[in-house]
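Novice: Generate a structure from the sequence data that follows.
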Amino acid sequence: MMKHPIITIEREYGSGGSVIGKIVAEKLGIPFYNHEILEMASERLNVPVSRLEGAEESSPKSFLYALLMNSNPARTMEDNIPVSDKLYITETQIIQELSEQGSCVIVGRCANWILRENPYRFATFVYAKRDFRLQYAQQTYGVSVKEIDTILPRIDSRREKFYNINTGGNWHDKGNYAMCLNSGLLGIEGSAELLVHAVEHFPEPQTDTENSD
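Specialist: Got it, this is the predicted structure:
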């Protein structure tokens, strides 16, 4: 097993990615971070979590655009930056700090891209067929049948756009991940077991020192 695995999880809505991440963290005995990151950001920005929840995973705006649209000599540059951008910057800093503290599981928030230079990162994507996600959302989040056909594509689209804009990549590109898990086929527990097994058998990354003669 890698000495300091940092497991990042991107997930489709209703695929159970967050629950899978929590199970993996418990099995490996390492910290789990999802909503906790938003709470940390809330403290640093001194903005209520309830206000930040709407800004999280929102499409960021160009800093230049924000400055032009909100131009005011009496306001600082920080004042002109939209809350969504402030939140992303703050969460990026938090994710980097958490990874430096040691092994952990981090859900969403472009963590796999933010930590792309970390040799101990194990990037994962969790997905499932529509029927599984519909049933999971109904059972887990209490979403009605009437709501699901609107909520499922809307949240997926929001996450994909958020990721693509911030990273310049493609959320669904398998090349971004070490492992892609079909939770509908494998089940929640099965997906967690497979991810734990993969991390435990993932080769220890070589450092520059080890590669030098």
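
Novice: now the closest residue to Pro205 other than its chain neighbours: how far from Leu134?
Specialist: Leaving aside its sequence neighbours, Pro205 sits nearest to Pro119 (CB to CB, 6 or more residues apart in numbering; 3.7 Å). Placement of C-beta: from N, CA and C, glycine included. According to CB to CB, to the nearest Å, Pro119 stands 38 Å off from Leu134.

Novice: who's more crowded, these two?
Specialist: Applying other CB atoms under 10 Å to Pro119 and Leu134 shows that Leu134 carries more neighbours, namely 18 against 13.

Novice: What residue, apart from its backbone neighbours, is nearest the more buried one spatially?
Specialist: Ile148 (5.3 Å).

Novice: That neighbour contacts Asp131, correct?
Specialist: No - between Ile148 and Asp131 there is no contact, the gap being 10.8 Å when judged by CB atoms under 8 Å.

Novice: Kindly list the main-chain dihedrals of the residue nearest to Leu134?
Specialist: phi -60, psi -40 (degrees, to the nearest 10).

Novice: Which helix or strand in this protein has the lowest average pLDDT?
Specialist: helix 63-69 (a mean of 43; mean pLDDT, DSSP states H and E).

Novice: Do you have the strands of the chain handy? List them.
Specialist: 6-11, 32-33, 104-107, 121-127, 179-182 (DSSP state E).

Novice: Given the third one, what are its sheet partners and their directions?
Specialist: So that's strand 104-107. Here strand 104-107 has these sheet partners by DSSP bridges: strand 6-11 (parallel), strand 32-33 (parallel).

Novice: again with the longest one
Specialist: With DSSP bridges as the criterion, the sheet partners recorded for strand 121-127 are strand 6-11 (parallel), strand 179-182 (parallel).

Novice: can I get those strands in a markdown table with mean pLDDT and mean neighbour count?
Specialist: Formatted as a markdown table, these follow (pLDDT from 0 to 100; neighbours: other CB atoms under 10 Å):
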| stretch | mean pLDDT | mean neighbour count |
| --- | --- | --- |
| strand 6-11 | 98 | 27 |
| strand 179-182 | 98 | 18 |
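
Novice: Ile23 is nearest to which of the ones you listed?
Specialist: strand 6-11 (11.3 Å; CB to CB).

Novice: Please save the CA atoms from the closest one in PDB.
Specialist: Output of strand 6-11 as PDB, limited to C-alpha atoms (Å, rounded to 0.1, in the frame of the first residue of the first chain):
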ATOM      1  CA  ILE A   6      -4.700  10.700  -1.200                       C
ATOM      2  CA  ILE A   7      -7.900   9.300  -2.700                       C
ATOM      3  CA  THR A   8      -9.900  11.800  -4.700                       C
ATOM      4  CA  ILE A   9     -13.400  11.000  -5.900                       C
ATOM      5  CA  GLU A  10     -15.400  12.700  -8.600                       C
ATOM      6  CA  ARG A  11     -18.900  11.300  -8.900                       C
END
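
Novice: For Cys104, which non-adjacent residue is spatially closest?
Specialist: Using CB to CB, 6+ apart and skipping the chain neighbours, the partner closest in space to Cys104 is Pro31 (4.3 Å).
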